[in-house]
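Enquirer: All I have is the shape, not the residue letters:
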């Protein structure tokens, strides 16, 4: 077998292998990319279940844990002092 014939056959064989590899690459789906969780400043982690919930939420939508806000407690104390002051002023 002459060198040019051998080279031509090897070239043809390499082209066939490249075509098969390209077909296989196109037929094989790429695995889905995992999306990085993005940081959202309006969310916080629940103390009980650890899942994310809104910062202003009073209850966790996943486990039902109830949260009180410091603003509500402050407002209740302020109203209590105002009512108590009104009764003290009447005396």
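Expert: It's in. Keep in mind it's a predicted model, so treat the numbers as computed, not measured.

Enquirer: Could you identify the helix or strand that succeeds the longest helix seen in the chain?
Expert: Using DSSP state H, we find that the single longest helix of the chain is helix 3-27. Beyond helix 3-27 on the C-terminal side, the first helix or strand identified by DSSP states H and E is strand 43-45.

Enquirer: Just the buried positions in that following strand, please.
Expert: For strand 43-45, burial by neighbour count (16 or more other C-beta atoms under 10 Å) applies to no residue. To be clear about C-beta, it is placed using only N, CA and C from the backbone, and glycine gets the same treatment.

Enquirer: Can you pull the poorly scored residue ranges out of this structure?
Expert: 1, 37, 69-71, 91 (pLDDT under 70).

Enquirer: sorry, back to before: pull the distance from the longest helix of the chain to the chain's centre.
Expert: Offset of helix 3-27 from its chain centre (C-alpha atoms, centre = their mean, to the nearest Å): 45 Å.

Enquirer: I'd like to know which elements that helix is packed against.
Expert: Using 3 or more C-beta pairs under 8 Å, 6 or more residues apart in numbering; DSSP states H and E as the contact test, no helix or strand touches helix 3-27.

Enquirer: What residues of it count as buried?
Expert: Going through helix 3-27 with 16+ other C-beta under 10 Å, nothing comes out buried.

Enquirer: now swap in stretch 28-40 and tell me
Expert: In stretch 28-40, counting by 16+ other C-beta under 10 Å, buried: nothing.

Enquirer: and that stretch, how far apart are its ends?
Expert: 35 Å (C-alpha to C-alpha, to the nearest Å).

Enquirer: Next, the residues that contact it from outside, please.
Expert: By C-beta atoms under 8 Å, 6 or more residues apart in numbering, the surrounding residues in contact with stretch 28-40 are residue 52.

Enquirer: what about that stretch, distance to the chain center?
Expert: That offset, for stretch 28-40, works out to 10 Å (C-alpha atoms, centre = their mean).

Enquirer: swap in stretch 61-73?
Expert: That offset, for stretch 61-73, works out to 22 Å (C-alpha atoms, centre = their mean).
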